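# I would like to see how this sequence folds:
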Amino acid sequence: MKRNLFGRPPFTRRQFLGSSAATLAAVGTMTAMPRAGRADDELNILVWCDHTDDRLLQPFAEKHNVTINVKDYQETGAALAILEQSQPGDWDILVVDSVDVARVAERGLLSELKAADMPWGDVFPELHRTDLNFIGDKQYGMPEKFGYHGICFNKAKVDIAQLRKTSAMWDPQFAGRVAVYDYYIPTMEMVGMGIGITPGTMNAENLPAVREKLLEIKKLASVIGDVPTVQNALITGAADIIVAGGEFAVTNLTADNPDLDWIIFDEGSVFWMQSVCVFANSPRQALATEFVKYILSPQPQAELATASCYWAMPANRNATLPDEIKKLLRWDEQPGFLAKSHPYFVPDEELNAKMLEVWTEFLQA
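Numbers count the residues shown, from 1 in each chain. So this is what the prediction gives:
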């Protein structure tokens, strides 16, 4: 499996969202790529696909009388490749995995944000982490949306009580009923957590134990694949649970199938978080900073949380979401979820290669 520049495969949680061409075609104020010599009344954003909805971007465009030009991408390495092909000043805004903010900033690509000007008071306290979005006391990213890798399930077929422990992932009672999300880092960390390896502490010495449990899961699996594949397995009944799935995989499907649900384990979870940043060479620093503040405000946070692309938790605890959406996102459980969850692990190159070897063996077993 090919890795990106930061040790991740090109296949990620966002990849199921696919091309946003249809979305872009529906938004008349946006084009796919920046053009040379951008005007001052344009803002160019390099983002994930959940930022392409007209209902999210249009209010900002109208208020500031600007055209928003958007390009969506799927993982950090792809964003860096786009930047290498761009001219300085082409881009103003970047959305990126929070664990990658510091590495992007260390390349000199991001502008420092003044923490005092950011709406930290509205952000869930558990997201106030200086190990993410900061280098020392300098801030380069603002958390905007987050979620979890846990387990998705059809509650008409599986009792939630059977899924509370990590051992559910290799419970023989689910033989032939398990779909596995094909993303090795969070899945291997969850398996590790189930055998006493704290997420973030995996090393070469404990990989054999993780491998053993993965091979047990493989014996139970009916499907291993990307998000559309495991979603389809759950919808069609080819599987009753999705290992390493989360709110991003099922919450936007519940209108059609209210039996779909998700949880994290009692032992905890691996959580993901995305951040919005300003490019250091943006010629529109003030406008870009206003966009960051806009994205973190209550109504845009609600739009981002329920993007047509995928749903997840907004970082702003004052997001204007209706109670039924909050229930699907398990809003009231967030403090407990965050307290026992861990951010994505970023292995060094040597360990990453060994993890990929184990994962490849799992896929081919």
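# pLDDT score for Arg177?
We have a pLDDT of 97 for Arg177.
# For it, give me the backbone phi and psi.
phi -120, psi 10 (degrees, to the nearest 10).
# Test my guess that it contacts Ile217.
No: assessed by C-beta atoms under 8 Å, Arg177 is found out of contact with Ile217, at 11.8 Å. Glycine gets a C-beta too; all of them are placed from N, C-alpha and C.
# Could you list everything Cys152 pairs with in the sheet?
Beta bridges link Cys152 to Ile242, Trp262, judged by DSSP bridges.
# Hmm, Asp240 and it touching each other?
No: counting by C-beta under 8 Å, Cys152 stays clear of Asp240, with 9.6 Å between them.
# which residues are in contact with both of the two?
Residues touching both Cys152 and Asp240 by C-beta atoms under 8 Å, 6 or more residues apart in numbering: Leu234.
# Comparing the two, which residue is more hemmed in?
Cys152 (28 against 20; other C-beta atoms under 10 Å).
# tell me the domain ranges of the chain?
13-146+273-333, 148-270+344-364 (automatic domain parsing).
# And those domains, which one averages the lowest pLDDT?
Averaging pLDDT over each of the domains of the chain puts domain 13-146+273-333 lowest, since it has a mean of 88.
# So in the protein, which strand runs the longest?
Ranked by residue count and defined by DSSP state E, the top strand of the chain is strand 269-278.
# Would you mind identifying the next helix or strand past that strand?
Using DSSP states H and E, the next helix or strand after strand 269-278 towards the C-terminus is helix 285-295.
# any idea which element Val96 lies in?
Here Val96, judged by DSSP H and E, is contained in strand 93-97.
# Show me what that strand is in contact with.
43-48, 51, 76, 79, 104, 109-110, 141, 144, 272-279, 282, 288, 291-292, 344.
# So what touches the helix ranked longest in the chain?
Ordering each helix of the chain by length in residues (DSSP state H) puts helix 349-364 first. The set of residues external to helix 349-364 that reach it, using C-beta under 8 Å, 6+ apart, is 1, 3, 7, 9, 182, 184-185, 187-188, 202-204, 207, 210-211, 214-215, 217-218, 224, 347.
# any idea how far the closest residue to Glu42 other than its chain neighbours lies from Gly121?
Spatially, and ignoring its direct neighbours in sequence, Glu42 is nearest to Thr67 (4.7 Å; C-beta to C-beta, 6 or more residues apart in numbering). The gap separating Thr67 from Gly121 is 32 Å, by C-beta to C-beta, to the nearest Å.
# Name the residue in the two with the higher neighbour count.
Thr67 (16 against 10).
# shouldn't the more buried one be in contact with Asn44?
No: with contact defined as C-beta under 8 Å, Thr67 does not reach Asn44; the gap is 9.4 Å.
# The spatially most central residue of the chain: what's it in contact with?
Geometric centre of the chain, nearest residue: Trp272, 5.0 Å, by C-alpha atoms, centre = their mean. Applying C-beta under 8 Å, 6+ apart, we find Trp272 in contact with 13, 97-98, 146-149, 186, 343-344.
# what's the answer for His64, then?
His64 neighbours (C-beta under 8 Å, 6+ apart): 43, 287, 290.
# Of these, which count as buried by neighbour count?
43, 287 (16 or more other C-beta atoms under 10 Å).
# Just checking the distance from the longest strand of the chain to the centre of its chain.
Relative to its chain's centre, strand 269-278 lies at 6 Å (C-alpha atoms, centre = their mean, to the nearest Å).
# Note down every partner strand of it and its orientation.
When DSSP bridges is applied, strand 269-278 pairs with strand 93-97 (antiparallel), strand 142-149 (antiparallel), strand 341-343 (parallel).
# among these, which is nearest Thr198?
Closest to Thr198 of the strands paired with strand 269-278 is strand 341-343 (C-beta to C-beta; 7.5 Å).
# quick check, distance from the closest one to the centre of its chain.
13 Å.
# So what touches that strand?
98-99, 129, 131-132, 148, 189, 198-200, 264, 268-273.
# now the helices: where do they sit in the stretch 1-150 of the chain?
Along the stretch 1-150 of the chain, counting by DSSP state H, counting those that start in this stretch, helices occupy 21-26, 54-64, 76-84, 101-106.
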